[in-house]
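Q: whatever this is, show me its structure:
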Amino acid sequence: MRASNVAGVIFGNTRDLLLGKLTGIRSMASVPFGSRYRLIDFTLSNFVNAGITNIGVVTNGNYRSLMDHIGSGIAWDLDRKNKGLHIILPYETKGMGRYTGSVDAIKGSMDFIDRCHADYIVICESNLVANIDFESVVDFHIKEQADVTVVYAHGKSPEGQIETMITELENGRVVKGSFSKESVEDCDYTLGVTVIGRKLLKSLIEAASMEDIGSLTSGVLAKKLNVLKILGYRHNGFATVIDSPKKYFDANMSLLSSEVREDLFNSERPVFTKTRDDMPTRYGTKADVKNCFIANGCVIDGTVKNSILFRGVKVEKGAVVENSIIMQGGVIEKGANLKYVISDKNAVIGEGTVINGTENRAFFIEKNQIL
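A: Numbering: from 1, shown residues only. This is a model prediction of the structure:
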């Protein structure tokens, strides 16, 4: 694979509605994850690790947090005079407002796609947490002379996403694709990563736009399985598509497994993110911490178990945090007791407050909220 012959497109907003309040003030791409990352970090790192450095990020709204995080792309070595990172801001097309689906999003990024002069485009959703070898995916696509290659995994499919196709394959070729609003057990399902030739993509999007088709996967590719050579590339490592608040909670908690961490954060394909210098986390003499994923800059004097703590979190004496996600700058005051909680940035949980969510439905605390 010649990396210079490949460009990437990442959708920053197309799945925003899936996470409710978590994406009320930010895009899906900029949702905090795993104590120090944002969801887009995984896809950006997959591109950079494959040597693909011409990348367009398509935004739609609530993009201030995303732009603050990725900036010029320096954390991923994408701050370049040629190629590098391109932020594709919201646009308007005749007769409609901002984009409503993947076809519309690609159409809005067509200027970038035209100017990149790449032969192949890798299109990605931003709600995927996985460490995928994009170089091998593109090499497979070229070697097999595919029209389209979709990356898929085996397991339980995400819920109700028109861009997630449940596939049936014969000799590596997708021969049947279906879509379900409910999760399907023990199936092959796409992960929102698609490799396609630039010229073919342009012609498909032009036709789909004229027919007012919204989804590239369900509206275009699934209907051309007998016309186009659409192949599947199986990803066997850890992968999770964030399709609900519960899936977001579960995906974070999966990082407490050493097996998942070793697969996701492997040294051969590191995950890059915006760095923030801070002091190491400090633990008080009475601190009790077990099985946690904790960023730097925290101060822990209480009890924290089976939890994810982002930068700068404070857990005061006598406070208990269990099975919870506490985002950057959160303060858990004396005697507070939290179980199954997702606390957004800079939230303060007052002295003696008791909050109990459940494994199936974590209690959500909004950004800057004081309880």
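Q: dihedrals phi and psi, G155?
A: phi 150, psi -140 (degrees, to the nearest 10).
Q: from memory it sits against D186, does it?
A: Yes. G155 lies in contact with D186 (C-beta atoms under 8 Å); the separation is 7.3 Å. C-beta coordinates here come from the backbone N, C-alpha and C atoms, glycine included.
Q: what about these two, which has more around it?
A: G155 (13 against 8; other C-beta atoms under 10 Å).
Q: can you spell out which residues form a bridge with the more buried one?
A: Here G155 sits in beta bridges with C187, going by DSSP bridges.
Q: 678 is where my numbering starts, stick with that
A: With 678 as the first residue, the last one maps to G832.
Q: and it, how far from K967?
A: G832 sits 29 Å away from K967, taking C-beta to C-beta, to the nearest Å as the criterion.
Q: what of M1004?
A: Distance, M1004 to K967, by C-beta to C-beta: 20 Å.
Q: more neighbours: the two, which one.
A: Remark: of M1004 and K967, M1004 carries more neighbours, 25 against 10, as counted by other C-beta under 10 Å.
Q: can you check the pLDDT for that one?
A: The score at M1004 is 97. That number is its pLDDT.
Q: find the centremost residue of this protein, please.
A: For the chain, N804 is the residue whose C-alpha lies nearest the centre (C-alpha atoms, centre = their mean; 3.0 Å).
Q: surely that residue and M705 touch.
A: Yes. At 5.2 Å, N804 and M705 qualify as touching, with contact defined as C-beta under 8 Å.
Q: between the two, what contacts are shared?
A: The contact sets of N804 and M705 overlap at R692, L695, L716, I919 (C-beta atoms under 8 Å, 6 or more residues apart in numbering).
Q: nearest to M787, of the residues you listed?
A: R692 (20.9 Å; C-beta to C-beta).
Q: list the buried residues of the lengthiest helix in the chain.
A: Using DSSP state H, we find that the single longest helix of the chain is helix 875-887. Across helix 875-887, burial judged by 16 or more other C-beta atoms under 10 Å covers R875, L878, K879, L881, I882, A885, S886.
Q: same deal with stretch 750-769?
A: G750, A752, W753, L755, K760, G761, L762, H763, I764, I765, Y768.
Q: show me where the protein has helices.
A: Taking DSSP H as the test, the helices found in the chain are 717-726, 741-747, 779-785, 787-793, 811-820, 875-887, 893-896, 922-930, 935-941.
Q: out of the ones you listed, which is closest to G733?
A: Here helix 787-793 is closest among these (C-beta to C-beta), at 4.2 Å.
Q: so K858 versus E836, what's the distance?
A: For K858, the distance to E836 (C-beta to C-beta) stands at 7 Å.
Q: do the same with I1003
A: 26 Å.
Q: so which of those two has more stuff around it?
A: Legend: neighbour count by other C-beta under 10 Å for I1003 and E836, higher for I1003 (30 against 17).
Q: thinking the more buried one is in contact with R988, fair?
A: No. I1003 is beyond contact range of R988, at 10.4 Å (criterion: C-beta under 8 Å).
Q: re earlier: list the contacts for the residue nearest to the centre of the chain?
A: R692, L695, M705, L716, G869, V918, I919, D920.
Q: before we move on, back to that, to H912, which of the helices of the chain lies closest?
A: So among these, helix 811-820 is nearest, using C-beta to C-beta, at 8.4 Å.
Q: how far does that closest one sit from the chain's center?
A: 21 Å (C-alpha atoms, centre = their mean, to the nearest Å).
Q: who touches it?
A: Taking C-beta under 8 Å, 6+ apart as the rule, helix 811-820 contacts 678, 680, 683, 723-724, 726-729, 797, 799, 823, 826, 828, 870, 872, 908, 910.
Q: at 6 Å instead, please
A: With contacts defined as C-beta atoms under 6 Å, 6 or more residues apart in numbering, helix 811-820 is touched by M678, V683, N723, A727, T826, V828, V872, Y910.
Q: among those, who's most crowded?
A: The residue in the contacts of helix 811-820 with the most neighbours, by other C-beta under 10 Å, is V683 (27 neighbours).
Q: which residues of this protein score low on pLDDT?
A: 678, 680, 767-777, 837-838 (pLDDT under 70).
Q: care to break it down by domain?
A: 680-941, 959-1042 (automatic domain parsing).
Q: possible to save those as a markdown table with distance to L1048?
A: As requested, the domains of the chain are arranged in a markdown table below (distance: least, C-beta to C-beta, whole Å):
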| stretch | distance to L1048 |
| --- | --- |
| domain 680-941 | 15 |
| domain 959-1042 | 5 |
